[in-house]
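Student: here's a sequence, model it:
(one chain, ligands or ions: 1)
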Amino acid sequence: MTSPTTTPLATGVAMLGLGAMGSSLAARLLDAGHQVTVWNRSAGRDADLVDRGAQPGATVADTVTAHPLIVACLLRHPSVHETLDPVVDRLRDKTLVNLTTTTPNEARELAAWAAVHGIDYLDGAILAVPAMIGSPGAQVFYSGSRTAFDQYREVLDAWATSIFDGSDAGRASLIDFALLSGMYHMFAGFLHGAAMVGSEGMTAKDFAARATPFISAMTGGFAGFAQVVDGGDYTVAGQQSLDFSDLSYIVRASDEQGVNPATLAAVQALITRQIAAGHGSEGFSRIYESFRAAEVTVGGGLRAPHRSP
Ligand code: FVH
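Tutor: Numbering: from 1, shown residues only. Predicted coordinates:
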């Protein structure tokens, strides 16, 4: 990552979207000495940036015309089309770095749209909150055009540690979402545990003090699970078996405490599926196969998973 004292560079950047994240990205570019033209759908959000040296873009068309590199940080996939479709002719031969959160397939759709219109497309997934932009803990994953990644690396590195995940534009989003899935399951697990002890008066603060070292230590198990999953042999000795991993008594305890056991019951259902298929003596990591199974539970109902075309 470049430091805030980096010598100013001549790269001009058109920044579309000045929400919490877009404003932080633009501010960091100004700190790093880049020329930045900013635009936001609603008026007034550019005031601080303009005070710091950004050029206000009167319209989307004016903004994207100002520079060869366009960065979009809008809300969701439809807002990217709503903003850029009307000016698509002005984007030809330019580079679009899209940092708007999209699903992998939405990122691929945008890459295909960009290719049709002669736009070099790089998709980005930000693993940071706005306050982290420009600090060592921030990461942004990129996929799509390697040319764009290499050409504008100094711009990208002003924001975070930049990681290129390959030419499939959906890949960065996929990895980002997979990491966030792990994080949200962990947070939900912690809060479920806090609710269990909270039912008998323990504060969440006291529970956090007990949970943090334990959960942190448990992440040491990831590498072992990964080795079994990648090897494809769930009978490898030394693992905790699925039969031993029966969580139904914890589910029952949660219920008895008047605490919703839904998250834990969902894990138990993944275990039960594998035991029912005759794999009870195999390792816990076998629930990976339940995730890959032919139907998934969404909002309480079963449906076939959506597969990429
Ligand atoms: N903030 C965060 O912590 C996360 C970290 C991970 C990555 N996300 C993604 O970044 C995108 C932008 O997030 P944000 O935090 O800047 O979001 P907001 O503050 O809500 O600002 C949203 C901006 O998008 C504009 N916008 C919304 N809809 C449209 C539209 N149809 N056409 C044009 N612009 C649109 C909105 O404009 P306005 O409401 O001020 O007029 C804001 O500029 C997002 O994908 C996160 O998932 C951030």
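Student: average pLDDT across the longest helix seen in the chain?
Tutor: Secondary structure of the chain per DSSP state H: the longest helix is helix 171-198. In this model, helix 171-198 carries a mean pLDDT of 98.
Student: likewise stretch 48-64?
Tutor: Taken as a whole, stretch 48-64 carries a mean pLDDT of 98.
Student: quick check, it touching the ligand?
Tutor: No: contact of stretch 48-64 with the ligand (Cβ under 6 Å from any ligand atom) is absent, the minimum separation being 8.6 Å. All C-beta atoms are positioned from the backbone trio N, CA, C, and that covers glycine.
Student: just the C-alphas of that stretch, formatted as PDB.
Tutor: Only the C-alpha atoms of stretch 48-64 are listed here, as PDB (Å, rounded to 0.1, in the frame of the first residue of the first chain):
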ATOM      1  CA  ASP A  48     -16.000  18.000   1.600                       C
ATOM      2  CA  LEU A  49     -14.200  16.400  -1.300                       C
ATOM      3  CA  VAL A  50     -14.400  19.500  -3.400                       C
ATOM      4  CA  ASP A  51     -13.000  21.500  -0.500                       C
ATOM      5  CA  ARG A  52     -10.100  19.000  -0.500                       C
ATOM      6  CA  GLY A  53      -9.400  19.500  -4.200                       C
ATOM      7  CA  ALA A  54     -11.800  17.200  -6.100                       C
ATOM      8  CA  GLN A  55     -13.400  18.500  -9.200                       C
ATOM      9  CA  PRO A  56     -17.200  18.400  -9.100                       C
ATOM     10  CA  GLY A  57     -18.700  16.500 -12.000                       C
ATOM     11  CA  ALA A  58     -21.900  18.300 -13.200                       C
ATOM     12  CA  THR A  59     -23.300  15.100 -14.800                       C
ATOM     13  CA  VAL A  60     -22.400  11.500 -15.100                       C
ATOM     14  CA  ALA A  61     -21.500  12.200 -18.800                       C
ATOM     15  CA  ASP A  62     -19.100  15.000 -17.800                       C
ATOM     16  CA  THR A  63     -17.600  13.000 -15.100                       C
ATOM     17  CA  VAL A  64     -16.800   9.900 -17.100                       C
END
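Student: I'd like the numbering to begin with 16 instead of 1 from here.
Tutor: Okay, residue one is now 16; in that scheme the one you just asked about reads as stretch 63-79.
Student: if we go by neighbour counts, what in that stretch is buried?
Tutor: Judged by neighbour count using 16 or more other Cβ atoms under 10 Å, the buried positions of stretch 63-79 are L64, A69, Q70, G72, V75, D77, T78, V79.
Student: what about the helices in the stretch 66-215 of the chain?
Tutor: Under the criterion DSSP state H, counting those that start in this stretch, the stretch 66-215 of the chain contains helices at 75-81, 92-99, 119-131, 161-166, 168-172, 186-213.
Student: around the ligand, which positions in the protein sit nearby?
Tutor: Residues of the chain lying near the ligand by Cβ under 6 Å from any ligand atom: 32-37, 55-57, 60, 88-90, 94, 97-98, 115-116, 141, 144-145.
Student: is L111 in a bridge, and if so with what?
Tutor: When bridges are called by DSSP bridges, L111 pairs up with I85, Y136.
Student: what's the span of stretch 179-186, first residue to last?
Tutor: Using Cα to Cα, to the nearest Å, the end-to-end distance of stretch 179-186 comes to 9 Å.
Student: pLDDT below threshold where in the stretch 216-324 of the chain?
Tutor: Applying pLDDT under 70 to the stretch 216-324 of the chain flags the ranges 309-324.
Student: just the stretch 16-165 of the chain next, same as before
Tutor: 16-25.
Student: how far away is the single nearest residue of it relative to the ligand from L114?
Tutor: As assessed by Cβ to the nearest ligand atom, the ligand sits closest to G34 within the stretch 16-165 of the chain, at 1.8 Å. Counting by Cβ to Cβ, to the nearest Å, the gap from G34 to L114 is 11 Å.
Student: what's the answer for D138, then?
Tutor: Per Cβ to Cβ, D138 is found 8 Å from L114.
Student: if you count surrounding residues, which of these two has more?
Tutor: For D138 versus L114, neighbours defined as other Cβ atoms under 10 Å are more numerous around D138 (30 against 25).
Student: surely that one touches E124?
Tutor: No: using Cβ atoms under 8 Å, D138 makes no contact with E124, being 10.6 Å away.
Student: number of residues surrounding K109?
Tutor: Using other Cβ under 10 Å, the number of residues around K109 comes to 19.
Student: hmm, I typed the wrong one, I wanted V274.
Tutor: For V274, using other Cβ under 10 Å, the count is 18.
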